[in-house]
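Q: Whatever this is, show me its structure:
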Amino acid sequence: MERDFEKLVGDSDPMREALAIVRRVAGSTASILLLGESGTGKELFAEAVHRHSARRDRPFVRVACAALPETLLESELFGHEKGAFTGAVYSRAGRFEIANGGTLFLDEIGDLSPTVQVKLLRFLEEHEFERVGGNKTVQVDVRIVAATNRDLKAKLADGSFREDLYFRLNVIEIHVPALRERIGDIPLLARHFLAKYARANGKAVEEFSSEAMALLGHHAWPGNVRELENAVERAVVLATGPVLDTDLFAALAAGVPASHGLLHDDGLRIPGSALADIEREVILRTLESVDGSTTRAARILHISPRKIQYKLKEYQERETVPTSS
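A: Below you'll find the model as predicted:
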């Protein structure tokens, strides 16, 4: 993988598609909206956009929008003048000014208050703003990359997110795939994290046992890449030998149905099976867990009920499967 994308480990089709978009749009000035679940690596994608652009030698500034209350977030983004509020004993530049010439990454954009949404919209339209408590207009050259794990279209529908701001932010939309959408990347990611934490902890840990790797491939990973990284780090820290075995992933093993183990009823083994077979297994087992409800299964899998119904029809044409309700 080329250097600009070396932190984004993966060779699956969803990753290739996402990175292809990054390559095509990074050199533009357009705002980018990264959509994806928590733990998928949206910040790494934002960094890749920055490093692959003409702004690479200028600041890359991060702001976690959900981490601060409204008044503090407004000051954090736009700065404030002395005396603007209690405790403002001096003037302070905000992240927009710090990021001048570079890229500002706004994480968890779906949590912005209406007041901050208005000020952000004005910046996107006019490239200017005032500090909190000030009347001097500040102009900066900043490229916005925003990210969220929220359903912004639902927030548009209930009125909690401005439609005009949504379209200003969403000039380019990039879907950051969940780990279950790129399960073929699990061995690459797992070995990447093993090498990283073996080096960081000075441990001679070299590989996973085949059973441990199969266990990683079987796990649902609701926490996505972040959860996988934490699991591998913990295993490396606890390891007493050069190979990571299943005993070091006890929490994951506890989530695997005992009747199925690492080998499914139909002989399916992960890794080592075709992606279509793995997809079938995931869909059918999810349906089984929700008593056959395609709506609930679709919500869990982040796909449409129609897609599940289409897949069921496809499976039924090949063999007998339980019908959905």
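Q: where's the residue nearest the centre of the chain, which helix or strand?
A: Ranked by distance to the mean C-alpha position of the chain (C-alpha atoms, centre = their mean), the top residue is Thr40 at 2.8 Å. According to DSSP states H and E, Thr40 maps onto no helix or strand at all.
Q: List the contacts of it.
A: For Thr40, the contact set (C-beta atoms under 8 Å, 6 or more residues apart in numbering) comprises 176-179, 224-225. Backbone N, C-alpha and C define where each C-beta goes, glycine included.
Q: Where does the prediction get shaky in the stretch 151-300 of the chain?
A: 253-275, 291 (pLDDT under 70).
Q: what's the nearest residue to Pro14 if we skip its chain neighbours?
A: Beyond its immediate neighbours in the sequence, the residue positioned closest to Pro14 (C-beta to C-beta, 6 or more residues apart in numbering) is Pro177, lying 3.8 Å away.
Q: brain fart, Gly134
A: According to C-beta to C-beta, 6+ apart, the nearest residue to Gly134 is Glu81 (4.1 Å).
Q: Quick check: that neighbour vs Gly133, distance?
A: 4 Å (C-beta to C-beta, to the nearest Å).
Q: These two: which has the busier surroundings?
A: The residue with more neighbours, out of Glu81 and Gly133, is Glu81; 18 against 15, by other C-beta atoms under 10 Å.
Q: about what we covered before: between Glu81 and Gly133, what contacts are shared?
A: Common neighbours of Glu81 and Gly133 (C-beta under 8 Å, 6+ apart) are Ala88.
Q: Strands along the stretch 51-200 of the chain, start to end?
A: 60-64, 103-107, 128-130, 137-139, 143-148, 172-175 (DSSP state E, counting those that start in this stretch).
Q: Would you mind putting those strands into JSON lines with distance to Pro14 and mean neighbour count alongside?
A: Supplementary listing: the strands of the stretch 51-200 of the chain in JSON lines, determined by distance: least, C-beta to C-beta, whole Å; neighbours: other C-beta atoms under 10 Å:
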{"stretch": "strand 60-64", "distance to Pro14": "24", "mean neighbour count": "18"}
{"stretch": "strand 103-107", "distance to Pro14": "21", "mean neighbour count": "24"}
{"stretch": "strand 128-130", "distance to Pro14": "36", "mean neighbour count": "16"}
{"stretch": "strand 137-139", "distance to Pro14": "39", "mean neighbour count": "13"}
{"stretch": "strand 143-148", "distance to Pro14": "17", "mean neighbour count": "25"}
{"stretch": "strand 172-175", "distance to Pro14": "8", "mean neighbour count": "16"}
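Q: Okay, helices next: where are they in the stretch 201-325 of the chain?
A: In chain order, the stretch 201-325 of the chain shows helices spanning 210-218, 224-238, 250-254, 275-289, 294-301, 305-318, with DSSP state H, counting those that start in this stretch as the criterion.
Q: Nearest to Thr29, out of the ones you listed?
A: Closest of those to Thr29 is helix 224-238, at 29.1 Å (criterion: C-beta to C-beta).
Q: ok, back up a step: if we compare the helices of the stretch 201-325 of the chain, which one ends up closest to Ile186?
A: In terms of C-beta to C-beta, the element of the helices of the stretch 201-325 of the chain nearest to Ile186 is helix 210-218, at 5.4 Å.
Q: could you dump that closest one to PDB, C-alpha only?
A: Taking Å, rounded to 0.1, in the frame of the first residue of the first chain, the C-alpha atoms of helix 210-218 are listed here in PDB:
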ATOM      1  CA  SER A 210      -5.000 -21.100  12.900                       C
ATOM      2  CA  GLU A 211      -7.800 -21.600  15.500                       C
ATOM      3  CA  ALA A 212      -7.300 -18.100  16.900                       C
ATOM      4  CA  MET A 213      -7.400 -16.600  13.400                       C
ATOM      5  CA  ALA A 214     -10.600 -18.500  12.600                       C
ATOM      6  CA  LEU A 215     -12.100 -17.200  15.900                       C
ATOM      7  CA  LEU A 216     -11.300 -13.600  14.800                       C
ATOM      8  CA  GLY A 217     -12.900 -14.300  11.400                       C
ATOM      9  CA  HIS A 218     -16.000 -15.600  13.100                       C
END
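Q: which residues does the residue lying closest to Glu211 once chain neighbours are set aside contact?
A: Once its chain neighbours are removed from consideration, Glu211 has its nearest residue in Thr246; the separation is 5.1 Å (C-beta to C-beta, 6+ apart). Under the criterion of C-beta under 8 Å, 6+ apart, the contact list for Thr246 reads 209, 211-212, 215, 253.
Q: Roughly how far does Ala200 sit from Val243?
A: With the distance defined as C-beta to C-beta, Ala200 ends up 19 Å from Val243.
Q: What about the nearest residue in space to Ile300 that is not next to it in sequence, how many residues nearby?
A: What sits nearest to Ile300 in space, not counting adjacent residues and going by C-beta to C-beta, 6+ apart, is Thr286, at 5.6 Å. Other residues within reach of Thr286, judged by other C-beta under 10 Å, total 19.
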